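**Student:** turn this into a structure:
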Amino acid sequence: MDKTYYCHETAIIDEGCTIGKGTRIWHFSHIMTGAVIGRLCNIGQNVFIASGVRLGANVKVQNNVSIYTGVICEDDVFLGPSVVFTNIINPRSAVVRKDKYTGTYIRKGATVGANATIICGNEIGAYAFIGAGAVVTRPVLPYALVVGNPARHVGWMSEYGHRLHFDDKGIAICPESKEVYILKDGQVMKR
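**Tutor:** Purely as a prediction, here's the structure:
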């Protein structure tokens, strides 16, 4: 049976992984046994995807990203160049903790900017936006914009990636999609 995805000749795809139709895997990337990659994903150059990682459909992984066991990305997630994930809270070279991996969840449509670090055990909410270079040390709410080290909440983003400016009634409109968002009790939702 012919492959239903593209794989550059320098990439290494181990036996026993699942790769969805239309996915493209570029130069020097390595996909390990047991990884699951959805359809229409783009895996950039020099990307490592460990066993047990799950990527939904249409996930974009830019160059030089290592995704370790315990990371789950839902559909439409964007991982910028050189994003860093961890999967052990207290790593020590001389202490084996392979049975203590801690999960990280990146929900649908979230963006993680270039060089951001996501400390394991955290959930990044749907359509959240992590600024370049941020260090995420706690969960991030859906639609939240966080920046800095440690990452702090500085605003809200639309599903199209525009900053939302709420009026005194807690209403904001995305300038591109014209979709309406409501800020209530410290959470954002679409009308």
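**Student:** CA only for contacts and neighbour counts going forward, please
**Tutor:** OK.
**Student:** for the protein, which spans come out with low pLDDT?
**Tutor:** 1 (pLDDT under 70).
**Student:** try 90
**Tutor:** For the chain, applying pLDDT under 90 flags the ranges 1-3, 98-99.
**Student:** thinking Gln62 is in contact with Val77, fair?
**Tutor:** No. The criterion here is Cα atoms under 8 Å, and Gln62 misses it with Val77 at 11.1 Å.
**Student:** counting neighbours, go ahead and name the busier of the two.
**Tutor:** The neighbour count for Gln62 versus Val77, taken as other Cα atoms under 10 Å, is higher for Val77 (25 against 21).
**Student:** any idea how far Val112 is from the more buried one?
**Tutor:** Applying Cα to Cα, to the nearest Å, the value for Val77 to Val112 is 8 Å.
**Student:** ditto for Ser29
**Tutor:** Taken as Cα to Cα, the span from Ser29 to Val112 is 20 Å.
**Student:** neighbour count winner among these two?
**Tutor:** For Ser29 versus Val112, neighbours defined as other Cα under 10 Å are more numerous around Val112 (27 against 24).
**Student:** got the phi/psi numbers for that one?
**Tutor:** Backbone dihedrals for Val112, given as degrees, to the nearest 10, come out at phi -120, psi 120.
**Student:** mind listing what it touches?
**Tutor:** 78-80, 83, 129-132 (Cα atoms under 8 Å, 6 or more residues apart in numbering).
**Student:** report the buried members of those.
**Tutor:** 78-80, 83, 129-132 (16 or more other Cα atoms under 10 Å).
**Student:** save those residues as JSON lines, and put in secondary structure and distance to Cys41 too.
**Tutor:** JSON lines is the format used below for those (DSSP: H, G, I helix; E, B strand; the rest coil; distance: Cα to Cα, whole Å):
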{"residue": "Phe78", "secondary structure": "strand", "distance to Cys41": "10"}
{"residue": "Leu79", "secondary structure": "strand", "distance to Cys41": "11"}
{"residue": "Gly80", "secondary structure": "coil", "distance to Cys41": "14"}
{"residue": "Val83", "secondary structure": "coil", "distance to Cys41": "17"}
{"residue": "Phe129", "secondary structure": "strand", "distance to Cys41": "19"}
{"residue": "Ile130", "secondary structure": "strand", "distance to Cys41": "20"}
{"residue": "Gly131", "secondary structure": "coil", "distance to Cys41": "22"}
{"residue": "Ala132", "secondary structure": "coil", "distance to Cys41": "21"}
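**Student:** of the residues you listed, which is the nearest to Thr69?
**Tutor:** Nearest to Thr69 among the buried ones among the contacts of Val112: Val83, at 14.9 Å, using Cα to Cα.
**Student:** can you tell me how far the residue lying closest to Tyr6 once chain neighbours are set aside is from Ala57?
**Tutor:** Leaving aside its sequence neighbours, Tyr6 sits nearest to Arg24 (Cα to Cα, 6 or more residues apart in numbering; 4.7 Å). Distance of Arg24 to Ala57, given as Cα to Cα: 12 Å.
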